[in-house]
Structures are given as structure tokens and as C-alpha cells.
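Peer 1: Task: produce atomic coordinates for the following.
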Amino acid sequence: TGKPIIGVNHWLGHIYSNFIEQAPEFPILNLIVSGGHTGLVLMKNHKDITQIGQTLDDSAGEAFDKVASMLGLPYPGGPAVSKLAKKGDSKTFSFPRSMLNQDNFDFSFSGLKTAVLYKIKDIKKLTPKTKADIAASFQQTVIDILIGKTLKVAQKFKVKSVCLSGGVSANFQLRKQFKLKTKKVIPQSSILYPLTLLCTDNAAMIGVAAAFQPKKAWTKYSKIQTNPNLRI
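Peer 2: Okay, the predicted model is just below:
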């Protein structure tokens, strides 16, 4: 059509999903948690955006998918594990909370995934109740890692808003506990997350992210290049 186009970083799309119906106050700490990504992005304004942390191996979403497969649950694993976890006791099994107490901004979920695998092998015969307990314990471990690391970073940078986004941010327990613990640990900061229908990949978040880009970002379609490993 000859009309100008704006290339949008997928991470930015998730970040701006929180700007569709809300107005987060700067500085903002964004936790992006999905099947393809898990990372922390510090946003001082619309032009000063820096990725300060990421997963060193699996994303949280990948961990959910792999544990779901171990338990014989369908894909996508996030909703399936979350549904089963409602029937279980999250205190039944203790799994490692990798890197939670390390002095950095990164995440790791491969050790957790392996710990769940070994636990399943040790049990040998899984009952429906045991499966539910594993799902609940695993889910709580992921939540503890995400919230614990994010709130420590939020305190360090004295942010005014903590924003949660990405497909895994639709998890009810994650949203509920994030809100409660943010109010307790950093009551001066607000916690925001998008509507559940805007958590997974969608056109609205990409459009909003594009709307905040400067006019000089406009280009021709022929000049757009894709990069699956692009980071902020």
C-alpha cells in the first residue's frame, strides 16, 4: 500500500499491554514472563528502556510446559498445571528456588524442572492427588522465584510501578500473590497487570507499543528485518 510501517520489539509489546487501559507511573519495573521470555526491564520513561535481567536457561513458560508434559497434561502447560494445582497442596514438596538469593537480576528454571523430573521418578507411581501436589508445589516455587527476585530489584531501583506481563501473567495465583506481596514489601509502589485476554500475544499490545514510538521510527515494509533473538 505504500503506507509507512513501524517495526515493534515483541518485548515492548508485552510491556505496553499495561498501557492499554492503565497509566503506569515512572520509573517502572516490568516483569515479562511468557513461553518465550522471562526477564526484567527497567523503564525510566518512554525513551529510556533497559533490559536488566533475563533467564539464563528456560523461561518460566517453558518450565510450565515441560512439567505439564511430565505429568501427562496437555499443551499449553501453564493453564493445565494451574488448573491441576487447585486440587493440590503447594507445601507437599520442596523444590529449589534457583538464584533467588543471588545478587543479580537474572532467573533460572532448568534446575527446578530437573528437580521435578527426579521427584516424579522417585515416586514411580503417580496418583491423581500426587500429581496435583506436584503441580501446586511447582507452581508455588515459580511464583516465589518471580515475585522474590522482582520485588528485590524494585526496591533497589525505587520504582513507582511494578508491571507484570506476558502469557504466564494470566496465572491467577501469580497475579493474586504479586499484588499482596507488593503491597506488603513496597507499599509505595503500585502493581499492574493487563486483562487476561491481553496477556498472551495480541495485536493491541503491538499497536500501542508502536503508538509510543517516535515518527522517525516509521519506515518502509521492504526495510523491515525480523530477529527472533532480539532483546531490548
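
Peer 1: all contacts plus neighbour counts: C-alpha atoms, from now on.
Peer 2: Fine.

Peer 1: So which residues of the chain form strands?
Peer 2: Using DSSP state E, the strands of the chain run over 28-33, 38-43, 49-54, 161-165, 190-192.

Peer 1: contact partners of the fourth one?
Peer 2: It refers to strand 161-165. Residues outside strand 161-165 that contact it (Cα atoms under 8 Å, 6 or more residues apart in numbering): 14-15, 17-18, 24-34, 154, 189-194, 199.

Peer 1: Just give me the neighbour total for residue 185.
Peer 2: Residues lying near residue 185 (other Cα atoms under 10 Å) number 13.

Peer 1: Nearest the geometric middle of this protein, what residue?
Peer 2: Nearest to the mean C-alpha position of the chain, counting by Cα atoms, centre = their mean, stands residue 33 at 1.4 Å.

Peer 1: low-confidence ranges in this protein?
Peer 2: For the chain, residues meeting the criterion pLDDT under 70 lie at 1.

Peer 1: biggest helix in it, by residue count?
Peer 2: Determined from DSSP state H, the single longest helix within the chain is helix 128-157.

Peer 1: Strand 161-165 and that helix, what's the angle between them?
Peer 2: Relative orientation of helix 128-157 and strand 161-165, computed by axes from the mean of the first three to the mean of the last three Cα atoms, to 10 degrees: 140 degrees.

Peer 1: So which residues of the protein form helices?
Peer 2: Using DSSP H, helices in the chain cover 10-16, 60-70, 77-85, 110-123, 128-157, 172-185, 203-211.

Peer 1: could I get these as CSV with distance to residue 224?
Peer 2: Shown next, in CSV, are these (distance: least, Cα to Cα, whole Å):
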stretch, distance to residue 224
helix 10-16, 14
helix 60-70, 28
helix 77-85, 32
helix 110-123, 34
helix 128-157, 33
helix 172-185, 35
helix 203-211, 14
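
Peer 1: right, and those - which one's nearest residue 225?
Peer 2: With Cα to Cα, the closest approach to residue 225 among those belongs to helix 10-16: 13.2 Å.

Peer 1: now what about that closest one, what contacts it?
Peer 2: Taking Cα under 8 Å, 6+ apart as the rule, helix 10-16 contacts 30, 32, 163, 165-166, 199, 201, 205-209, 231-232.

Peer 1: what sits against the nearest residue to residue 142 once chain neighbours are set aside?
Peer 2: Once flanking residues are discounted, residue 142 sits nearest to residue 60: 7.2 Å by Cα to Cα, 6 or more residues apart in numbering. By Cα under 8 Å, 6+ apart, the contact set of residue 60 is 33, 34, 35, 37, 38, 109, 142, 168.

Peer 1: what does residue 224 give?
Peer 2: Here residue 224 is in contact with residue 7 (criterion: Cα under 8 Å, 6+ apart).

Peer 1: So for residue 101, which of the helices of the chain sits nearest?
Peer 2: With distances scored as Cα to Cα, the stretch of these nearest to residue 101 is helix 128-157 (8.0 Å).

Peer 1: ok, how many other residues are close to the residue lying closest to residue 178 once chain neighbours are set aside?
Peer 2: Spatially, and ignoring its direct neighbours in sequence, residue 178 is nearest to residue 147 (6.2 Å; Cα to Cα, 6+ apart). Close neighbours of residue 147, defined as other Cα under 10 Å, add up to 20.

Peer 1: next one: residue 48
Peer 2: Neighbourhood size, residue 48 [other Cα under 10 Å]: 9.
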